[in-house]
Structures are given as structure tokens and as C-alpha cells.
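[1] Output the structure for:
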Amino acid sequence: MYNVQNLKKNYLLFAVLTPLLFFIFSCNSTDNKRNTTFFGGKIKNPKGPFVYLYDGNKIMDSAKIDVHSKFTFLLDSIKTGLYTFKHGLEYQYLYLEPKDSLLIYLNTWDFDESLIFSGKGSAKNNYLINLYLQQEKNEKEFSYNYNLNEKEFSKLIDEGIRKQFAEYNELLIEEGGELFPFFDKLVKTGIYLPFYLLKEFYPFNHKRIAGLKDFPKLSEDFYSYRKNINFNDEDLLYYAPYTSYIRVYLYNMAYSEAANNPKNCNIELNFMKIVNEKIKIESLRNKFLAGSLWNSLSNDLISKNDFKEIEDFYFMSCTNDEFNNEIKRAIYQKSKLHKGDTLPNLLAINSQGNEIKINNLTKNSNTVIYFWPTDPTKVSLTKDKLLHLKKKYPNILFIGIERNKNNEDWKKFISTKKLSSNSQFYLSENSDNYAIFSGDMARAIILDKNGFVKNSFSFFDDKYFEKYLKSLKY
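    Numbers count the residues shown, from 1 in each chain. Below you'll find the predicted structure:
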């Protein structure tokens, strides 16, 4: 039950953080009158020297982790709202109200599962993290239920929602039955939308699992919740359950448009048009438009004519110059290297300082040439995915190329990331064809054993990436 879980968590946290609790609650009355909000705690196995606090996508403040692995934020005049804190590559939500005194304990080896809160405001935050973990569990469990018919599936969804609200009612009782309207909104969004997301996935997964030729015909009641969806809720703009659901719902609308009107079979173009019509918040609209363009760029199943329509509509609609400049460069690079082409001369430097023709290394080998990004988070994600892919596809040659560091920093990078120096190379700005390969994104090029390009602009996290690898012949 909810209360028992919190008792266990609070006991552990008080045992670990008692000295810090005394520090916080002994702060003078002047601080309290100024509505000072405290956020601190202890991080076991820290991954870096700082904890960062975000409001939306902007850094509010940072706190240095001391020799005892503890950190503290003192925040004046903070507004009630949803924030995020980040350490290393991980982040999690933080709900704050003025005069809260929140402490956390977490182990970076098991970030979300180990995270516990104590102090004033802890009950609400423990509830939110438990809700997040429970919805992750629900998503895995429901993957076995897509074979059910519409009524059976809906019944399970309704049961899941009722169970979550029963736990929320326990929190309401514990907190005296009255919470800020914004917190109530967060909770209801965090309960309803992940379950509604499963319903949005249902026709696709049911069709696949049941081996159907067409999507199942669903009653109007199946999507009755849609009439209450707000596409432009600025309060929830940085809350993943909200944005994830909206994106999938809009893609479902794009597929429905193609099904109802065969002339409109360009799914990504349909999606962009619906985004332009429905999403009025500029930053969210630009994010969805750019994501759709990147999906299209890496999908070689999209025809040239369809992609041209997508490209034209994107640049007519997106107002983010940074997004647009990145995408213009990517489109230029893909135009210089098509599926079926041979790789142009790619001269790079190995770790011994010798110039190597990458083309010679790829002879008679199915190959993935991947380029390291500049963003530290994406670097780590790329490395993790690389380890997974190399283990899963031992007969494929993986070649890493650095484009943006200087030579010395690149050598340190190989050492600190414990990469095999035999498969890592450095591409300088003076190299032939540098413009085709430049940039700071985690791009990948897939070659077959005969040296022909199978995909010239893909990403490790692309949903089609492993499909391309599996299509390579040995």
C-alpha cells in the first residue's frame, strides 16, 4: 500500500540524512519569512560534481556535490510548479511549493528506482515517482494484452485507472484532503494519459499480433476520452506523459487520414499538417515538426517526391532557426550520398597519427560508420547503444569517427570512454569530402559487404535501424 511504502522510504532517508535535516530545519526565521525553499540530499556513486535544477528547458541553478556526496539548493520566491533536476545523464521531476524542505537520496546505479524523498513536500514527490515507475511497469505488462478484443482491452485499462486513483485517494487523505490544483492536474495527467497512450497503440499492436491485413474496426466509445484532450496546455509542456501522448495521438490522426483518403498516403506530411493545425504553442509545434523531418530523412522507404513535399512543408512551417540550419545541412549531406552509392573517399587519422582510407577497411565487410555527437548525454547514449549493437551483431564492423574535438582531446576521449583504438578515427576539417560528414549529430552510415550504401543518414535510436542491419547479407 502507498503509506507503507512511504514509511519504509522515509525511515531509510532519515537514517542517511539526519545531519542535513538538522541543518535545514534550523535555518533562521528570516529565511522562512522570505519563502525560502530548500532542496538537497545525498547522491551515492555521483557521476559528476554538480546537480542542475531546471525550470522547463532552462537551467535555474546548480549545486556542487561536496566530499560527503551531499548538495543543497536554497531557492528564494520559487513558484509552485513542476521542475526537473539532473545529475550525470539522468533526470527526474521535482514538484515544489514555496517553503518546501525537500531531501532526496538516490544511487546513480539505479537512479529512478532508488530515488526517495523526505521532508516537507516529500509525500507528493514520492507519489509522483511511484506513479512514474508504476506506469513504466504497466506499459510492459500491457504488451501481452494487445491480442485481446476491444472490450477486454478497454476493461483492463479502466481497471488500471481505478487502481491508480485508489492510491491517489490515499495521498489525499494523508495530506488532509486538499492539494494545489496544479498538483491535482499533474497527477490526473500522469494517471490518464499513459493509459490512453496504450489505447492509441492498440490498433497497431493488435493488427501485428493478430496477423490482420487491416486495422481492427473500433467503436466510437473506444476513443471517447479524446474529446477532453487539450492540445495546447502550457502547464504540461515539459511533462513527458503529456507530450508523448499528444505526439502519438497526432500520428494516429495522420494514419487515419491516409486510411480514409488513399491520396493522402504520406504519413509524415499528414502529421506535419495536423501539427500545424492543432498545436498553437510555437516551441512544441517546432519540436514535433523537426522530429517528423528527422524521421523522414532517415527512412529510405519514403520516396523522393514524398520527401520533397515533407521538406517544403517543414521549411514553410518551422520557425526555429537552429533546427532549420541543422536540417538544411543534413539534407545537403544526404543529397551527396544516396542509397546504392559507393562511399566517397573518406580519409581519417588513426590513434597512431597515421592517415587511413576508411574505404579500405570496409572491403568485404558489412559496416556501420557512426559519427560521435558533441552533446555529452548523446555521447553516452551512443556508447551504450554501440555496446548493445556490437554484441548483437558480431559480424558487422563498427567504425567510430570524431569530427569536432581536437586531436589531443580525441585521444583522451578514446581512453576515458574505454573504446577500442583500432576502430576509432579522427576526421579533420581539411579532409576530403569533410562537408559531407561534418556536424555534431550522432549520424550513422550503413554499408553492405560490397561497399554500397544501404542508408546514408540513420541514427542508432531510429526505429528502423536494426531492420536495416538485419537486411544485410553475409
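[2] for the protein, what's the longest helix?
    Scanning the chain for the helix with the most residues, using DSSP state H, yields helix 181-210.
[3] And the next helix or strand past it?
    helix 240-260 (DSSP states H and E).
[4] List the buried residues in that next one.
    Buried residues in helix 240-260, counted by 16 or more other Cβ atoms under 10 Å: 241-243, 245-255, 257. Quick note: C-beta positions are derived from backbone N, CA and C, even for glycine.
[5] tell me what that helix is packed against?
    With contacts taken as 3 or more Cβ pairs under 8 Å, 6 or more residues apart in numbering; DSSP states H and E, helix 240-260 sits against helix 181-210, helix 267-278, helix 282-298.
[6] go with 10 Å
    When contacts are defined as 3 or more Cβ pairs under 10 Å, 6 or more residues apart in numbering; DSSP states H and E, helix 240-260 sits against helix 122-142, helix 181-210, helix 267-278, helix 282-298.
[7] export those to CSV and tack on mean pLDDT?
    Converted to CSV, the helices and strands packed on helix 240-260 look like this (pLDDT from 0 to 100):
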stretch, mean pLDDT
helix 122-142, 94
helix 181-210, 96
helix 267-278, 98
helix 282-298, 96
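[8] that older thread, buried ones in the longest helix of the chain, by neighbour count?
    Neighbour-count burial for helix 181-210, counted by 16+ other Cβ under 10 Å, picks out 182-183, 186-187, 189-206.
[9] what's the angle between it and helix 240-260?
    When axes from the mean of the first three to the mean of the last three Cα atoms, to 10 degrees is applied, the directions of helix 181-210 and helix 240-260 differ by 40 degrees.
[10] Going forward, the N-terminal residue is numbered 224.
    Right, with 224 as the first residue, what we last looked at is helix 404-433.
[11] and the angle from helix 404-433 to helix 345-365?
    Angle of helix 404-433 versus helix 345-365, following the same axes, to 10 degrees, is 10 degrees.
[12] Just list what helix 404-433 packs against, helices and strands only.
    Counting contacts by 3+ Cβ pairs under 10 Å, 6+ apart, helix 404-433 packs against strand 304-310, strand 313-319, helix 345-365, helix 373-397, helix 463-483.
[13] Let me know which of the helices and strands packed on helix 463-483 is the nearest to residue 529.
    Closest approach to residue 529 among the helices and strands packed on helix 463-483 (Cβ to Cβ): helix 490-501, 7.0 Å.
[14] how distant is that closest one from the center of its chain?
    Relative to its parent chain, helix 490-501 has a centroid offset of 21 Å by Cα atoms, centre = their mean, to the nearest Å.
[15] counting contacts, what elements does that helix pack onto?
    Looks like helix 490-501 contacts helix 463-483, helix 505-521, helix 527-540 (3+ Cβ pairs under 10 Å, 6+ apart).
[16] Residue 610: which of the ones you listed is closest?
    Residue 610 sits nearest to helix 505-521 of all the helices and strands packed on helix 490-501, at 21.4 Å, using Cβ to Cβ.
[17] which parts of that closest one are buried?
    Using 16+ other Cβ under 10 Å as the burial criterion, the residues of helix 505-521 that qualify are 507-513, 515-521.
[18] helices or strands up against it?
    helix 463-483, helix 490-501, helix 527-540, helix 544-558, strand 666-670, strand 676-682.
[19] ok, which stretches of the stretch 524-673 of the chain are helices?
    For the stretch 524-673 of the chain, helices defined by DSSP state H, counting those that start in this stretch occupy the ranges 527-540, 544-558, 581-584, 599-615, 630-639, 657-660.
[20] before we move on, back to that, same list (the helices and strands packed on helix 463-483) but as TSV, adding distance to residue 285.
    Shown next, in TSV, are the helices and strands packed on helix 463-483 (distance: least, Cβ to Cβ, whole Å):
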stretch	distance to residue 285
helix 345-365	20
helix 404-433	25
helix 490-501	34
helix 505-521	23
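[21] which one of these lies closest to residue 301?
    helix 404-433 (13.3 Å).
[22] picking up where we left off before, for residue 697, find the nearest of the helices of the stretch 524-673 of the chain.
    helix 599-615 (14.5 Å).
[23] Pick the most deeply packed of the helices and strands packed on helix 505-521.
    Of all the helices and strands packed on helix 505-521, strand 666-670 has the most neighbours on average by mean count of other Cβ atoms under 10 Å, namely a mean of 24.
[24] Run through the neighbouring helices and strands of that one.
    Short answer (3+ Cβ pairs under 10 Å, 6+ apart): strand 666-670 packs on helix 505-521, helix 544-558, strand 590-594, helix 599-615, strand 620-625, helix 657-660, strand 676-682, helix 688-694.
[25] Please name every helix or strand in contact with the third one.
    The one in question is strand 590-594. Packing partners of strand 590-594 (3+ Cβ pairs under 10 Å, 6+ apart): helix 581-584, helix 599-615, strand 620-625, strand 666-670, strand 676-682, helix 688-694.
[26] Now do the buried residues in it.
    Buried residues in strand 590-594, counting neighbours by 16+ other Cβ under 10 Å, are found at 590-594.
[27] could you dump the residues you listed to CSV with pLDDT?
    CSV is the format used below for those (pLDDT from 0 to 100):
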residue, pLDDT
590, 97
591, 97
592, 97
593, 96
594, 95
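[28] can you give me the angle the longest helix of the chain makes with strand 304-310?
    Put simply, helix 404-433 runs at 70 degrees to strand 304-310, going by the same axes, to 10 degrees.
[29] ok, what's across the strand from residue 313?
    Following DSSP bridges, residue 313 is listed with bridge partners residue 310.
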